[in-house]
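Undergrad: give the three-dimensional model of this entry:
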Amino acid sequence: MKEVVVSGIRSTGNLHLGNYYGALSKFVKMQEDYDCLFFIADLHALTTHPDPKLLHSNVKDILAEYLASGIDPEKATIFVQSDVPEIPELYLLLNMHVGIGELMRTASFKDKARKQLGIKTDATKDDDDIERQIIGTDSNKRVNAGLLTYPTLMAVDILIQKANKVPVGKDQEQHLELTRRFARRFNSFYGVDLFPEPTNFNFGDHAVKVPGLDGSGKMGKSEGNCIYLVDDEKTLRKKVMRAVTDQGPAEPNQPISQPVQNLLTLMELTSAPEVVEHYRNAYADCSIRYGDMKKQLAEDILKVTTPIRERYLDIRNDDAFISRVVKAGAEKARERAAKTLAEVRQIMGITKFY
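TA: Alright, predicted model coming up:
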């Protein structure tokens with residue numbers, strides 16, 4: 001029997017090159033050897049109160065991008081999170097075994113709560129100060145409970161399918177550890193062996209960190225430093241040509257600055273090895289021309305994204321095909337989820353009298 005792999009992406013806008021190399025390209029490999037379930041996390045997206053029409057459109061975009069990137073509905077289960085009502089029910093039940101304190105100590109909650117409340121990060125404040133600020137903020141600025149219980153919902157996404165492996169990045173490792181803790185706690189409390197404790201799955205490779213075009217940090221939608229998989233050629237070239245670099249090396253063999261290293265990292269993902277080596281050597285001997293480097297990088301990225309964009313445009317306009325895919329995926333995901341939920345209800349004593 002194949003091991004079960006579960007992963008999802010929040011429906012908060014088009015997917016970018018970081019999503020592709022960090023997740024989608026790996027999903028395509030996983031579907032060959034594992035029992036994979038890939039979903040669009042529209043319930044998770046509600047923590048940021050998206051416009052309803054935009055949320056629906058984003059879900060459709062990501063579905064099309066999943067398919068255009070090579071995820072095969074004949075090999076993997078593709079579904080929308082909200083199409084599986086068993087998920088929110090188990091979310092409620094599992095929350096009965098989750099502590100408020102452990103959720104409030106989650107790093108991602110504190111970071112996102114600060115952003116929602118407009119609280120600046122202050123290294124001199126300890127966690128208790130931050131929690132008091134969050135709790136004591138006036139009602140016009142509030143942190144929604146969904147953001148606090150985000151780790152429980154993520155755990156349910158995983159546990160309801162009894163996943164063995166979950167591919168997550170470094171920023172989600174704490175949530176995966178909480179998922180293992182919640183599974184262990186539930187099993188121990190009721191004396192059962194229901195939920196497996198999932199492990200991170202990255203094919204044994206180092207996690208891929210795709211840098212943005214702004215000279216620092218990783219590529220991310222909120223940072224505005226992305227190359228989207230569906231960018232047209234003109235837009236993509238313009239973005240790359242505007243990427244941050246430096247004034248150029250002042251002397252031979254000096255350390256490569258972070259902005260230039262970011263571009264070289266993108267080249268390592270998309271260009272031939274000899275191309276990367278050429279520009280490394282050019283930096284080392286002070287002959288590098290950033291305009292030429294960026295033109296080459298744009299050309300190589302387009303070789304990756306253009307076929308995806310073309311398939312995406314075809315799929316995005318085929319409502320009947322998208323509907324068939326998500327309907328079939330929901331049926332498969334619900335069948336498994338319903339079985340797990342029925343087991344949980346029985347274990348917890350929530351059984352019908354009729």
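Undergrad: quick check: Val156 touching Tyr91?
TA: Yes: with contact defined as Cβ atoms under 8 Å, Val156 counts as touching Tyr91 (4.8 Å). Every C-beta, even on glycine, is put in place using the N, C-alpha and C of the backbone.
Undergrad: okay, those two: which has more neighbours?
TA: A direct count of neighbours by other Cβ atoms under 10 Å for Val156 and Tyr91 places Val156 higher, at 29 against 19.
Undergrad: show me what contacts the more buried one?
TA: By Cβ atoms under 8 Å, 6 or more residues apart in numbering, Val156 lies in contact with Ile87, Leu90, Tyr91, Leu94.
Undergrad: apply 10 Å and report the result again.
TA: Val156 sits next to 43, 81, 84, 86-95, 149, 179, 182, 337, 340-341 when contact means Cβ atoms under 10 Å, 6 or more residues apart in numbering.
Undergrad: got the end-to-end distance for stretch 90-107?
TA: Length of stretch 90-107, first residue to last, Cα to Cα, to the nearest Å: 24 Å.
Undergrad: with stretch 67-79 instead?
TA: Stretch 67-79 end-to-end distance (Cα to Cα) = 12 Å.
Undergrad: tell me the mean pLDDT for it?
TA: Average pLDDT, stretch 67-79: 97.
Undergrad: what do Val156 and Tyr91 both touch?
TA: By Cβ under 10 Å, 6+ apart, Val156 and Tyr91 have these common neighbours: Leu43, Thr149.
Undergrad: CA-only coordinates of the strand or helix carrying Thr179 in CSV, if you can.
TA: Taking DSSP states H and E as the criterion, the element that holds Thr179 is helix 173-190. Extracted in CSV, the C-alpha atoms of helix 173-190 (Å, rounded to 0.1, in the frame of the first residue of the first chain):
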residue,chain,number,x,y,z
GLU,A,173,7.7,23.0,10.4
GLN,A,174,6.3,24.2,13.7
HIS,A,175,2.7,23.5,12.5
LEU,A,176,3.7,20.0,11.4
GLU,A,177,5.2,19.4,14.9
LEU,A,178,1.9,20.6,16.4
THR,A,179,0.0,18.1,14.1
ARG,A,180,2.1,15.3,15.5
ARG,A,181,1.5,16.5,19.0
PHE,A,182,-2.3,16.7,18.4
ALA,A,183,-2.3,13.2,16.9
ARG,A,184,-0.3,11.8,19.8
ARG,A,185,-2.5,13.5,22.4
PHE,A,186,-5.7,12.3,20.8
ASN,A,187,-4.5,8.7,20.5
SER,A,188,-3.2,8.7,24.1
PHE,A,189,-6.3,10.4,25.6
TYR,A,190,-8.7,7.8,24.1
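Undergrad: from the chain's centroid, how far away is it?
TA: 21 Å (Cα atoms, centre = their mean, to the nearest Å).
Undergrad: hmm, who's touching the helix or strand following it?
TA: Remark: after helix 173-190, the chain's next helix or strand is strand 199-200, criterion DSSP H and E. For strand 199-200, contacts defined as Cβ under 10 Å, 6+ apart pick out 3, 163-170, 172-173, 176-177, 180, 207.
Undergrad: equivalent analysis for stretch 308-315, please.
TA: So stretch 308-315 is contacted by 14-15, 20, 24, 60-61, 63-70, 228-233, 236, 302, 305, 321-322, 325 (Cβ under 10 Å, 6+ apart).
Undergrad: now those residues: which count as buried?
TA: With burial judged by 16 or more other Cβ atoms under 10 Å, the buried subset of the contacts of stretch 308-315 is 14-15, 20, 24, 60-61, 63-70, 228-231, 236, 302, 305, 321-322, 325.
Undergrad: and the contacts of strand 199-200, which are buried?
TA: Glu3, Ala163, Asn164, Lys165, Val166, Pro167, Val168, Gln172, Leu176, Arg180.
Undergrad: list phi and psi for the fifth one.
TA: In this case it means Val166. phi -140, psi 120 (degrees, to the nearest 10).
Undergrad: just the second one next, same as before
TA: Backbone geometry at Ala163, expressed as degrees, to the nearest 10, gives phi -70, psi 140.
Undergrad: show me the shaky parts of the stretch 151-300 of the chain.
TA: Within the stretch 151-300 of the chain, the stretches with pLDDT under 70 are 203-207.
Undergrad: before we move on, the earlier item: just the closest of the contacts of strand 199-200 to Pro196, please.
TA: Lowest distance from Pro196 to the contacts of strand 199-200 (Cβ to Cβ) belongs to Asn164, with 5.7 Å.
Undergrad: distance of that closest one from Cys36?
TA: Computed as Cβ to Cβ, to the nearest Å, the Asn164 to Cys36 distance reads 11 Å.
Undergrad: picking up where we left off before, among the contacts of Val156, name the ones in helices.
TA: Counting by DSSP state H, those place 43, 86-95, 179, 182, 337, 340-341 in helices.
Undergrad: tell me the buried residues within the contacts of Val156.
TA: Applying 16+ other Cβ under 10 Å to those flags 43, 81, 84, 86-87, 89-91, 93-95, 149, 179, 182, 337, 340-341 as buried.
Undergrad: mind checking the end-to-end distance for stretch 34-49?
TA: End-to-end for stretch 34-49, by Cα to Cα: 34 Å.
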